[in-house]
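Visitor: How does the following fold in three dimensions:
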Amino acid sequence: MSQNASRADLHIHTMASDGTASVAQVLARAEEVGLDLIAITDHDRIDAAQAAQQMARRSGLHVQVIVGEEISTLQGHLLGLFLQERVRPLRSLRRTIAEIHEQGGLAILAHPLFPHPLCTQEGTIRAVAADRDPGSRPDGIETYNPTIFGTLPRRRVARLAAELGLATLGNSDAHVLSAIGRVWTNFEGTSPEALRTAILERTVSVGAGSDHTLTESPGIFGRQLLRNLIGLGQDIAGVTRPIWTLGGERRGRDLGYPGSRRRPARYHEEEER
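Guide: Sure, this is the predicted structure:
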């Protein structure tokens, strides 16, 4: 891998799920730390990722945005990259991988092997990697995730990836701005298509990074909890709008992009100004 390799952080959350920053803040931070590509991967939705892609293009930013989603499967979390449509949650890992591939996306196993229901375990990974249908096999695996989910099993994940021949990626799994770009994936080229090719050809490599410390993690979780409590209050306010609005437009939780408080939430360029 050359010293001029591009850097991609392909696991970032916004206020649309359990992140604490808006889309505009995420884009600004990605520019600040010099990332070339990012993927917005909110839990089980892609609206903020689609908004981020449009905002980055229109603003002429250096960083390019890939539409992604962290999908809750019945066997753990899975990253879908290069998505055109939302992938439904709560189905088998095998079926979810196949649906990602059907729309031209890539499937990356997120923070695997940690003993938690959100993390895919070794037996399941071996089963899907050896599936008779190539369309049901994953394309890569996170071997470096700096959160508590990724720290403990890292060596086991790296050995499993090497044995199964999966592309190895490093991602921040950022839920706060300071975590964006803390870990990244190196690839040759500059475009999303170059990254796609590098993952499929297994020429990506994990960049440098540092784990969340024991003192950092509680603070991050606390900020997530506060953000969710604020969002809950916005939801309640949207449902119990004053009677004198006479059925006017209902507004609710701020999902972190222009137009996101409308119902249904939808990106509106004019609201960004």
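
Visitor: Excluding chain neighbours, what is closest to the residue nearest the centre of the chain?
Guide: Ranked by distance to the mean C-alpha position of the chain (Cα atoms, centre = their mean), the top residue is Thr41 at 2.2 Å. Among residues not flanking Thr41 along the chain, Gly68 sits closest, at 4.0 Å (Cβ to Cβ, 6 or more residues apart in numbering). The C-beta positions use only the backbone N, C-alpha and C, and glycine is treated the same way.

Visitor: now could you export just the CA positions of the lowest-mean-pLDDT helix or strand in the chain as CSV?
Guide: When the helices and strands of the chain are scored by mean pLDDT, DSSP states H and E, helix 216-239 comes last with a mean of 84. Taking C-alpha atoms only, helix 216-239 is exported to CSV below (Å, rounded to 0.1, in the frame of the first residue of the first chain):
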residue,chain,number,x,y,z
GLU,A,216,-14.0,7.8,27.4
SER,A,217,-16.6,5.1,26.9
PRO,A,218,-19.0,6.2,29.8
GLY,A,219,-18.9,9.8,28.5
ILE,A,220,-19.8,8.7,25.0
PHE,A,221,-22.6,6.5,26.2
GLY,A,222,-23.9,9.4,28.4
ARG,A,223,-24.0,11.8,25.4
GLN,A,224,-25.9,9.2,23.4
LEU,A,225,-28.4,8.8,26.2
LEU,A,226,-28.9,12.6,26.4
ARG,A,227,-29.3,12.9,22.7
ASN,A,228,-32.0,10.1,22.8
LEU,A,229,-33.8,11.8,25.6
ILE,A,230,-33.9,15.1,23.7
GLY,A,231,-35.2,13.2,20.7
LEU,A,232,-37.9,11.5,22.8
GLY,A,233,-39.0,14.9,24.0
GLN,A,234,-39.2,16.1,20.4
ASP,A,235,-41.3,13.1,19.4
ILE,A,236,-43.7,13.7,22.2
ALA,A,237,-44.0,17.4,21.3
GLY,A,238,-44.8,16.4,17.7
VAL,A,239,-47.6,14.1,18.7
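
Visitor: Now do the buried residues in it.
Guide: Within helix 216-239, the residues that count as buried by 16 or more other Cβ atoms under 10 Å are Ile220, Gln224, Arg227, Gly231.

Visitor: need the residues you listed in JSON lines with distance to Ala161, can you?
Guide: Below are the buried residues of helix 216-239 laid out as JSON lines (distance: Cβ to Cβ, whole Å):
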{"residue": "Ile220", "distance to Ala161": "26"}
{"residue": "Gln224", "distance to Ala161": "28"}
{"residue": "Arg227", "distance to Ala161": "33"}
{"residue": "Gly231", "distance to Ala161": "36"}
